[in-house]
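S.K.: sharing a model prediction with you, sequence too.
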Amino acid sequence: MRHEHKILLALVLVAALPTGLSGVVAVAVTRSGVESHSSDLLVSLAREASGFLQHEIDRSTQSVASVLDVAQGGIARFTPEQREAFLSVVYHLFEGHADAALIDPAGEEPAQQVYRRPEDKARGLERHPASTTEDAAAFLARIPVDVALADGRGLSAIYRAGDGDPRVAVAVVAHSPGEKRYVLATEVSLRGVRDHLARLLPREGGAVVASADGNPLLAVGAALPRGALHGTVLAGRSGPLELGEERLGAADWLAGPRAAVVVFQSAEVAFEPSARIFWPALGWLAAALVVALVVAFVLSRGLAAPVRIMVAAARRIGGGALGEQVAVRERGELGVLAAAFNEMSADLRRKQDEIEAWNRELQSRVDRKTGEIRQLQKIAARAQRVAGLAGLAAGMAHEMNNPLQVVIGMSQLARREASGPVAAKLEAVEREARRIADVVERLMKLGERPAEEGAAVEFDLDAVLDAAVQAGAAARAGRGVQVEHRRCERATAVMGTPADLRRAFANLIENAVEASAGLEGARVEISSELVEEVVRVTVRDRGRGIAPEHMERVFDPFFTTKETWQGKGLGLSDAQRIVAAHGGEISLESERGRGTTVRVTLPLAQKATMLA
């Protein structure tokens, strides 16, 4: 083989082979990663869809059970007209109900049904699915009476009505001790699942609700070929699903309705990222080949020794020895090439150093941003948790308030007619009931927005702090805690509702006082200062502090670290709600045994915003 050919072959191998291998490896790794990510995404979507499907069924079951709790002991004594009215109530509990039936398992009484026929256009019925006479008869046949009698509740497999609407029969036993048993059943339409599935679909993907043997019951999005699930065992299967080379799929099995949710996506769409890498890699390979041919043609004119030196140096650089220099003292083209080679090697070393430095800088930025994102996620999760608890507490308090007011009123009336020890006991009943009413009122305020007592006004925040300190002065007497308020040297004008903020700061001061009570030299410091466009208020104590494991939950309603309840657990959550409504933020730092610092920032009057 001629010397020129050897140089050509060597340069082709050195330049093109690593580029080609890198391209092949990059495409393969990318394809594997994309496939794994797509599979995990489809599994997650299938689980979310099956969870929504199970939720729809559970809603109907719980609504039926809740009605039975109210009607316990009365169904056996209902007249046929009363039973039909009772069925109508059950039918209208859930807009997904297509039919409701009351069945005598002994067969002594005919079954009673309530459903909307296709020709029924009465107001209030159009939100329910229509059922033909054949659909109603098929529903009676599918009611799992035996399962309900054995377990108290029963659920049929998902089936399709005459118009293709997927449905499931839910049955609950209704009876009281010593009375005849009945089975109350509802037919739940799963048509609402279609819209939810459509929102979950990946690009050019689809979803199917199928029976255990692969028979499709509901399809959304892209269509599967006929018989694609035929012969596929879906019972008990949850995870990735083989659907041929053209599709990626995943399934999640629902044991109750004996059906599976299958989510799939076109493999071509899923592997687009790996396809986009292939052509650039091929282009780089072609470019490397062209460069190798040109360089080989030039070097073939020179001497073999300088070429071998540079080839050896190039190989060392390819092995990672960036910055390698060659000692070729030839003049002319070889000398220029050697100088360029040395300069290139030095540039590679310098660029590599710059890349490594950038990598370190980027990693530092990524770590910092990741920490910020995690903190924001924690804040969002805490806000969602607080909002849920506040809504639940307000709802419960609203339900408790009416009967509680009745208790107070009745105790007042009874006390007027009683005397002696009985009157004293009634007075104690009224007093304790009013305590409960105060707690209920605080619970109801958790679900309300602040500043409903009047329009927002501009006021001095330090004046509100003074009022908050004075509000609890009488309660602090004798506890041995000194409270000091250092006012800001400049005006601290903010917009909002003074009464709400006074209550919020009073809660913070009371918490600090309680944490410091009983300690030697107990002291609570309150200070305000202007920082750029905000007012920052700091409430600091040297009390017992908060354990690290409790820091995540201190703003949750009903959470308290105090040893006695006494209506506690609402102060910090109430304060956070009020501060947020005034466009501000609240943060807390604490160290066990060294005290707690709470910082509240509120925008100045010209920048303040109140929630409408």
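M.R.: Received, thanks. Numbering: from 1, shown residues only.
S.K.: got the phi and psi for residue 320?
M.R.: In terms of degrees, to the nearest 10, the main-chain angles of residue 320 are phi 110, psi 0.
S.K.: same check on residue 431?
M.R.: Taking degrees, to the nearest 10 as the convention, residue 431 sits at phi -60, psi -50.
S.K.: that one and residue 409: what is the separation?
M.R.: According to C-beta to C-beta, to the nearest Å, residue 431 stands 14 Å off from residue 409. Yep, even glycine has a C-beta here, placed from its N, CA and C like the rest.
S.K.: what ranges does the stretch 101-250 of the chain have for its strands?
M.R.: 112-115, 153-155, 159-160, 166-174, 182-189, 205-211, 216-221, 238-241, 247-254 (DSSP state E, counting those that start in this stretch).
S.K.: which residues touch the shortest one?
M.R.: Yep, that's strand 159-160 we're talking about. 138, 142, 166-168, 217 (C-beta atoms under 8 Å, 6 or more residues apart in numbering).
S.K.: then the second one?
M.R.: Contacts with strand 153-155, where a contact means C-beta under 8 Å, 6+ apart, come from 57, 61, 65, 143-148, 168-173, 256-257.
S.K.: hmm, try it at 7 Å
M.R.: Contacts to strand 153-155, defined as C-beta atoms under 7 Å, 6 or more residues apart in numbering, come from residues 57, 61, 144, 147-148, 168, 170-172, 256-257.
S.K.: quick one: which of those residues is nearest to residue 295?
M.R.: residue 257 (69.3 Å; C-beta to C-beta).
S.K.: quick one: end-to-end length of stretch 195-210, please.
M.R.: For stretch 195-210, the first-to-last residue distance is 17 Å (C-alpha to C-alpha, to the nearest Å).
S.K.: give me the distance from it to the chain's centre.
M.R.: Centroid separation for stretch 195-210 versus its chain: 20 Å, with C-alpha atoms, centre = their mean, to the nearest Å.
S.K.: do the same with stretch 354-367
M.R.: With C-alpha atoms, centre = their mean, you get 31 Å for stretch 354-367.
S.K.: do stretch 30-39 as well
M.R.: Centroid separation for stretch 30-39 versus its chain: 24 Å, with C-alpha atoms, centre = their mean.
S.K.: can you check stretch 238-258 too?
M.R.: Here stretch 238-258 shows a centroid-to-chain-centroid distance of 24 Å under the convention C-alpha atoms, centre = their mean.
S.K.: can you point out the buried residues in it?
M.R.: Using 16 or more other C-beta atoms under 10 Å as the test for burial, stretch 238-258 gives 238, 240-241, 243, 247-254, 256-258.
S.K.: that stretch: end-to-end distance?
M.R.: 13 Å.
S.K.: got the contact list for that stretch?
M.R.: Contacts for stretch 238-258 (C-beta under 7 Å, 6+ apart): 38-39, 42-43, 46-47, 50, 53-54, 57, 155, 157-158, 168, 212, 228, 234-237, 260-267, 270.
S.K.: just the buried residues out of those residues, in ChimeraX syntax.
M.R.: Isolation of the buried members of these (16+ other C-beta under 10 Å) is achieved in ChimeraX through the command below:
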select :38,39,42,43,46,47,50,53,54,57,155,157,158,168,212,228,234,237,260,261,262,263,264,265,266,267,270
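S.K.: mind listing which of the contacts of stretch 238-258 are in helices?
M.R.: Among those, DSSP state H puts 38-39, 42-43, 46-47, 50, 53-54, 57, 267, 270 in helices.
S.K.: so how far is the top helix by length along the chain off the chain centroid?
M.R.: Ranked by number of residues, the top helix in the chain under DSSP H is helix 333-417. Chain-centre distance of helix 333-417: 12 Å, with C-alpha atoms, centre = their mean.
S.K.: which helices and strands does it pack with?
M.R.: Here helix 333-417 touches helix 304-318, helix 421-446, going by 3 or more C-beta pairs under 7 Å, 6 or more residues apart in numbering; DSSP states H and E.
S.K.: among the ones you listed, which is nearest residue 118?
M.R.: Across the helices and strands packed on helix 333-417, closest to residue 118 is helix 421-446 (C-beta to C-beta), at 45.8 Å.
S.K.: next secondary structure after that closest one?
M.R.: Heading C-terminal from helix 421-446, the first helix or strand you meet, by DSSP states H and E, is strand 457-460.
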